[in-house]
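Colleague: Quick one: sequence and predicted model below, then my questions.
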Amino acid sequence: MIRTKEQESAPMLGFWLYLMTDLMLFATVFATFMVLRHATAGGPSAPELFSMKTVLTETMILLASSLFCGLAWLALRHKKRTDFLMYSIATLLAGAVFLAIEIQEFAQLVHEGFGPSTSAFLSSFFTLVGMHGFHIAIGLLWGIALLIMFAKKGFGSSLARKFALFAVFWHFLDIVWIFIFTIVYVIGVHA
Amino acid sequence: MSAIDDYRKETIRYIVGAVAAAVLTYVVYMVAVEQRLEAVWLAVVALGLAMVQLLVQMVSFLHLGNETKPRWKAQSFVFAFLMATVIMVGSIWIMANLDYNMGMSPQQMDEYMIKQNKKGF
Amino acid sequence: MFGRLSLDYLPHEPATIGAAVAMPLALIAIAVALTYYKKWRWLWREWLTSLDAKKIGVMYIVVAIVMLLRGVADAVMLRMQTALAVGDNPGLFSVDTFQQVFTAHGTIMIFFVAMGLMFGIINVVMPLQIGARDVAFPWLNSVSFWLFVAGMILVNGALLFGGFSNGGWLGYPPLTELQYNPGPGVDYWIWALQIAGIGSLLSGINFTVTILKKRAPGMTLMKMPIFVWSVLVTMVLVMISFPMLTSALSLLALDRTLDMHFFTSNMGGNPMMYINLIWAWGHPEVYILVLPAFGIYSEVVATFARKKLFGYKTMVAALVAIMFFSFVVWQHHFFTMGAGANVNAFFGIMTMIIAIPTGVKIFNWLFTMYRGRIRFTAPFVWFMCFVVTFTIGGVTGVLMAVPALDFQIHNSMFLVAHFHNVIIGGVVFGYLAGITYWFPKVLGFRLHDRLGRWSAYAWQVGFLLAFLPLYALGLMGAVRRIDHYTDPSWQPFFIVSAVGVLTIALGIGLFVLQIGVSVWQRKKLRDTNGDPWDGRTLEWSVPSPAPHYNFAIQPTVSRIDEWWYQKKDGVARPTRNDYKDIVLPKNSGLGVAIGLLCFVFGGAVIWHLWWLAALAFVGVIVVILVRTFDENTEYTMTAEKLYQEAKEARV
Amino acid sequence: MKKYRVMFGVAATIIILSLLGYLLARTGHYDILQPMGDIAKQQRNLLYFALLLCAVVVVPVFIMLGSFAWKFREGNKKAHYKPEWSENKLLEVVWWGIPIVIISILAVVAWSTSHSLDPYRPIASNKKAIEVQVVALQWKWLFIYPELGVATLNQLPVPVGTPVHFTLTADAPMSAFWVPTLGSQIYTMNGMSSQLYLIADHAGDFPGYTTNINGEGYADMKFMVHAQPEAAFNSWVERARGSSQMMDAAAYETLAKPGVITEEREYMLMDDNLYSKVLEKYMAPKDQQMDHSSSTMPVMEGM
C-alpha cells in the first residue's frame, strides 16, 4: 500500500487523535452498559426485545457501506470520476438504510412502551446505540457536503484531504459497531 | 506496475478485507444463535472474534502501521485501546465488587468471613 | 415556549444579590471605558479574533486571574462563615448559599483558574520553545478559548439568575438527580463543565499535534525542553481522560433532562457508577494540572541555578511513569464505599507507586541546585515554597493511600487540607512562577522582583495558617463542607484558618500590585535583549515582546538547551537573503461566534428552551461548515518586511 | 550582614509559626488520636507507622533544600560551580531505590491492614455481636435493634466490649456513617445494604458524623454513641422497650420526610423487618419478590 500525502498530514493526525478520544467516550458508555445491563427494574431484558436477524442485516449493511467508502477513496486517489461517484453514493445510501433500520427499531421499542426512561438497562441501551447512530447521521451530513463540493469543484486537492478524513471516520464507526454488535446484541441476548 | 493494475490490486485487497470481516461476523452470529456454548464461553469467543475483526478492519481499511517511522497513528491507537480496556475492566471489577458487597445477605456474610478467616488475616 | 423561566429564580439572599449587582456593574464600567477610549475596534482586531497563540494565551491568563479573584472571594466567605458559626450562632450565610459557594469555589478554581492558567502558559510558551511559528490548528485554538469563556460565563451567570449547584464540585448523584435537586443549579454546573471540557479536549489534540509535527528541524523528542515534555504528557492525559468527564456529565444530563435512569436511586439506576466514571477522569485531571507546573519548575531551577537540568532522561522517565500510573489509581477516591479489601488494596498500592516518580523529580531538582550559582528571584522563591508545601502534601497523600487509614480520614478536614496542599503548593505556585518567568517574553518588561517575592512569602505563610489547622481539625473529627458546628473547642482552629485565607488574599493583592507597579515602572524594568534571565531554551533567542510570527527564520536544533550553547558559540547574524516569505493565518471571528452559540445552547438547555437549543446547535454546525469551505484563511508576509522588522527590533 | 537577613526572616517565621501552632494544638482534643475502640486504635498505630516511614524521605528533602540553597547561593564564590554536571548513576540508584523500598514496606502493610481492618470483617470476640440496622434519613439517623425490639433516633447506645454489627442503608442522598473514636466510616446508599463492624472498649459518649454531603441539613446530621457497661445497656433496653413512642412502617414514613431533627429519641419497635421494607422502597418490583438472601453476584456470572 503506498503512503499518501493525506495520511501523513497534521490534520489527519489531529483527526485520528480526535477518534481516539471518541474511542474513550464509547469505552465509558460501554462500561456503563455492561454494569447496568441487568438493571431492568422489573421490565423486559435484552432477549425479549432484540431480534438477532435484523441486527445481522444491519451489521452487514454497515460493513458494505464501509467497503464502498474504501473503494471510493481508492477511486478518488486514482482520479476515477465515475467509480468515485458510484461508490460514494453507495456508501451514503447503505449508511442511510442502516440508520433507517435502527430508527425503526427504536421507534418500535418506544411504541411498545419500553422507552429509555423505563429502566437503567434501556437507558444505557438507547444511549450507547443512539450515540453511534448520531455519529452515523453526522457522517451522512458530512458525506453529502463532500458530494456537493465534488459536484462543484471536482477532484480539487482539498477534496482529497477532506475525503480522507471522512473515510477514516466512517471506518472507525464500523469498528465501534463491531463491539456494539458483540457486546449489546450477541452477549446481551445470548450470554 | 501500471496504475490500472495498482488500482485493481488495491480494490481486491479492500474486498478481501471486507469479506473476512463479514465471515467473522457471521461466525459469531451462528455460534450465538445456535446456543451451543455456555454463557461465559460465548462471551469469550465473541469478544475474541471481535478483536480479530478489529485487526482485520484496522489493517485493510485504515492501513494502520503503514506510515513513516514514528508511526504516531499506530502508537496512539494502541495506547488509547489499552487505556479504554483498563478503564472498562477496572470499572466492571470495582462495580461487581460493590454490587456483591451491597447485596450480601447475612448468610453470605458468614461464608465471606469464614473464607477471610481461613486466609489468616 | 419559555421553558421553566420564572422571576422567582432571581437571587434573594443578601450575599448573592450583592454579587449579582456587582458583576454587571463591573462589565458596564469596562464597556464605558472602552467606548470612551474608542478601543472597541482595537480589542476586536488585536485580541478577540486573533489566532496568534500568544495572544490567546494572554487572554486565558487574564480570564484565569479574574476567576482567581472570584474563587478566593468564595474562600474568604467560606472561612468567615466557619470562623463564626459555632453553637447556635448561624454565621453570615444560609446553608444553601454556603453550599452553592463551596461548589462554585471548587468548580471555578479547578476548571477556570488552574486549567485557564495552564492553557494560557502553554499557548504562550510551548510554540516558542519548540521553534514553531504557531500551534498546528490556530483556528481550533481560538474555538477552544471561546468555549472556555462560554463555560466561565455560564458558571458566573448562575449567580445572576437561577442559582448554582449545591452538590459539591463533582456533584455526586443521587443528590444531583431530579429526585433531590430539581432546580436549574445542577444544570448550570453540568453545562458549564461540558462546554469548557470540550474546549480543553480540542486544545489537548491541538497541542499534541503541534509538538509531534511542528518541532524545529533537528529537535528530536529527547532534545526538547523538559517543559515541552511535561506538556506532551499532560495533553495525552487530557485526550484520554476528558472524554470520561464528557460521558459522565452527559449521562447525568440525560438523567435530568430526558428522565433516564443511569444514576437515579430507583428504576435500576446505580449512583456508584457515576462516582466511578467521574473519578476515572478526576484523578488524571489533578495530574493534568500539576505536570505542566513540574515542567515550569524544571525550567526555573535550571535557569536560576545557571546549571543543566540534573538527570534529563530520569525526569522524562518519571513524567511517562506518572502518565501510565495516573490511570490505575482512581478508586482511592472511594475506598470507603465498600468495594472490598482486594480492590481497595490494589488501588491503594498503585497510588503509593505514583509517589516514587514524583519523589525522584524533587531529588532531581534539588541536585540541579547542587553545585549551581543560585539567584533568588521571584520564580525561584515560588519553587522553594513549592518544595516545602508539596512535600507535606505528598506525605499526607501517601498516608491516605493506605485504605485502612483512609477509612478514618476520608471526607474530613484532613482530606481538604491535603488536596489544597498539593494544588496550592504544586499547581498555583508553579503557574505563578511561570507567569513571573515568561512575563518579559510577552510584554517586553520584567515584573517587579521584590513585590513578587513578597507575594510568595504572603502565599506561603497564608497557606500554613489556613491549612495546618485543618489537618488538626480533621484529626478531631471535623467533616468537610460543614457550615456550622457545635464543638466550641474547634473555633480557634477555624479562626486561625480564616486569618490564613486573608493572608492568601493579601498574597494575591501583592501579585496584582506587582503587575500594576511593573507596568508603571516598565521603562526601568525594560528587557532589552530578549534574554532577561540568561535563559537556556529557544524562546529567549527571540526579541521581547516576541513578534506574532515567533521566528522570522525557523532555527535548527542539534542539542538540549540549544540557545545556551548557541550563546556560548556566538550567534551568526542572519543575512538579507536568509529571510523567506512566511504564511500566517488571518484573524477569524468565527471562534467568537461558536463560543457565543455554545453559551446560548447551554443556557437554552438549562432553561428547557428546546427550540432555542436546537437553533443554537444548528448554528454551530453552520459556522463549522462555513469555516471548512472558506478557502482564503491565510496571508503571506514578505521576506523584506521580516528583514525590516528584525532590524528595528535590534536597534 | 545583609546576606544573613533572609535567613533570619525565614528562621523567625518558622519559630513564630511553630510556637503559635503548639499553643493552638494544645487546646484541641483529637478523637482519631485518642481511640476508644480496637479498630480505631489499630488505625492510629498505622497512622504513626506510616508517618514515620514517610519522614525518612521528607526530612532529608527539607535539609537538602535549605543547605543547597544556602551553600550554592550566587554570593558564595567559594562554592564549587560545575554547570555541566547533570548525571550521576549512584545518586539515581539511591533516590529510585530508597523510595521503592519504603513504598514496598508500606504496600505490604497496606495489603494486610486493608484485609484485617476491612469494615465487612467481624471482630474476633467471645461475645455475640449486637445487630444494629442503620437508616440514614434526610438529616437524622435512625438505629434499629431488631433482636432487642428497640429503635432510636440520633443516639446509639452500645454495650462496652461487645462487637456491634451494623447493616446500613439510606433513604436520603448518599450519606456516610462515621464514629471517629471507634474507627472506620462506610457509605450508606438508597436500596443498598453496606456492613460495618465496630467495638467500644471504653464507656463514654462519642460523637458520630455524616461525612458525605447530602443536602440542606448535612451539618446537623450528627448522632451520639453512648457506650455503657453491659448491665446499664440491658436496663436501658428494658426501659426503651416500654417507651410510649412506637416505630412501625407508618411512624417511619412521617419520620422519613425531609427535615432536621437533632434531639435524641427512643421507640418501641413494632415491626422487626422495617429495615428490609426501607431497602425495598428503592428496589424494582421484580427484585422485591426475590427475598434478600438470594441476591448473588449478578454481573460477574452473567458476563
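Modeller: Perfect, I can see it now.

Colleague: near chain C at all, stretch D:251-271?
Modeller: No - judged by CB under 8 Å from any CB of the partner chain, stretch D:251-271 stays clear of chain C, getting no closer than 8.7 Å. Heads up, the C-betas are built off the backbone N, CA and C, glycines and all.

Colleague: which regions of chain A sit below the pLDDT cut-off?
Modeller: A:1-3 (pLDDT under 70).

Colleague: same question, chain B
Modeller: Checking chain B against pLDDT under 70 turns up B:1, B:104-107, B:109-110, B:112-113, B:116-121.

Colleague: Can you spell out the domain ranges of it, please?
Modeller: B:1-61, B:68-121 (automatic domain parsing).

Colleague: Does chain A have contacts with the longest one?
Modeller: Yes - judged by CB under 8 Å from any CB, domain B:1-61 comes into contact with chain A at B:3, B:6-7, B:10-11, B:13-15, B:17-18, B:21-22, B:25-26, B:28-29, B:32-33, B:35, B:39-40, B:42-43, B:46-47, B:49-50, B:53-54, B:57-58, B:60-61.

Colleague: From the residues you listed, which land in helices?
Modeller: B:3, B:6-7, B:10-11, B:13-15, B:17-18, B:21-22, B:25-26, B:28-29, B:32-33, B:39-40, B:42-43, B:46-47, B:49-50, B:53-54, B:57-58, B:60 (DSSP state H).

Colleague: And for C:Gly18, the neighbour number?
Modeller: C:Gly18 has 11 neighbours, counted by other CB atoms under 10 Å in any protein chain shown.

Colleague: What residues sit buried inside the one helix or strand it maps to?
Modeller: Using DSSP states H and E, C:Gly18 sits within helix C:14-36. By neighbour count with 16 or more other CB atoms under 10 Å in any protein chain shown, helix C:14-36 contains the buried residues C:15-16, C:19-20.

Colleague: So which other helices or strands are in contact with it?
Modeller: helix C:95-107, helix C:138-160 (3 or more CB pairs under 8 Å, 6 or more residues apart in numbering or on different chains; DSSP states H and E).

Colleague: which outside residues touch that helix?
Modeller: C:10-11, C:39-40, C:43, C:77, C:92-93, C:97, C:100-101, C:156, C:159-161, C:163 (CB atoms under 8 Å, 6 or more residues apart in numbering or on different chains).

Colleague: Filter those residues down to the buried ones.
Modeller: If we count by 16+ other CB under 10 Å, the contacts of helix C:14-36 have these buried: C:11, C:77, C:92-93, C:97, C:100-101, C:156, C:159-161, C:163.

Colleague: among those residues, which two are most distant?
Modeller: C:Leu92 and C:Phe161 (22.8 Å; CB to CB).

Colleague: For the longest helix that chain A contains, list every residue counted as buried.
Modeller: Identified as the longest helix of chain A according to DSSP H is helix A:120-153. Buried residues in helix A:120-153, counted by 16+ other CB under 10 Å: A:120-133, A:135-136, A:139-140, A:142-143, A:146-147, A:149-150.

Colleague: Just the mean pLDDT for whichever helix or strand comes after the helix holding C:Gly18, thanks.
Modeller: Later in the chain than helix C:14-36, the nearest helix or strand by DSSP H and E is helix C:40-42. Mean per-residue pLDDT for helix C:40-42: 91.

Colleague: for helix C:40-42, the distance to its chain's centre please.
Modeller: With CA atoms, centre = their mean, to the nearest Å as the basis, helix C:40-42 stands 28 Å off its chain's centre.

Colleague: and for that helix, what are the contacting residues?
Modeller: Residues contacting helix C:40-42 (CB under 8 Å, 6+ apart): C:Leu34.

Colleague: Can you list the helices and strands that the very next helix or strand once past that helix packs against?
Modeller: Downstream of helix C:40-42, the next assigned helix or strand under DSSP H and E is helix C:53-84. Applying 3+ CB pairs under 8 Å, 6+ apart, we find helix C:53-84 packed against helix C:95-107, helix C:115-129, helix C:138-160, helix C:429-443, helix C:491-520.

Colleague: 6 Å instead, please
Modeller: With contacts taken as 3 or more CB pairs under 6 Å, 6 or more residues apart in numbering or on different chains; DSSP states H and E, helix C:53-84 sits against helix C:95-107, helix C:115-129, helix C:491-520.

Colleague: With just CA atoms, put stretch D:247-260 into PDB.
Modeller: C-alpha atoms of stretch D:247-260 as PDB (Å, rounded to 0.1, in the frame of the first residue of the first chain):
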ATOM      1  CA  MET D 247     -41.800   2.700  65.500                       C
ATOM      2  CA  ASP D 248     -43.600   0.900  62.600                       C
ATOM      3  CA  ALA D 249     -43.900   1.500  58.900                       C
ATOM      4  CA  ALA D 250     -46.400   4.400  59.300                       C
ATOM      5  CA  ALA D 251     -44.300   6.100  62.000                       C
ATOM      6  CA  TYR D 252     -41.300   5.600  59.800                       C
ATOM      7  CA  GLU D 253     -42.900   7.400  56.800                       C
ATOM      8  CA  THR D 254     -43.700  10.500  58.900                       C
ATOM      9  CA  LEU D 255     -40.100  10.400  60.200                       C
ATOM     10  CA  ALA D 256     -38.600  10.000  56.700                       C
ATOM     11  CA  LYS D 257     -40.000  13.300  55.500                       C
ATOM     12  CA  PRO D 258     -37.000  15.700  54.800                       C
ATOM     13  CA  GLY D 259     -36.300  17.900  57.900                       C
ATOM     14  CA  VAL D 260     -33.600  18.400  60.600                       C
END
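
Colleague: circling back: now narrow the buried residues of helix A:120-153 to whatever sits close to chain C.
Modeller: Counting by CB under 6 Å from any CB of the partner chain, A:120, A:123 from those sit close to chain C.

Colleague: Please consider this matter closed, and thank you.
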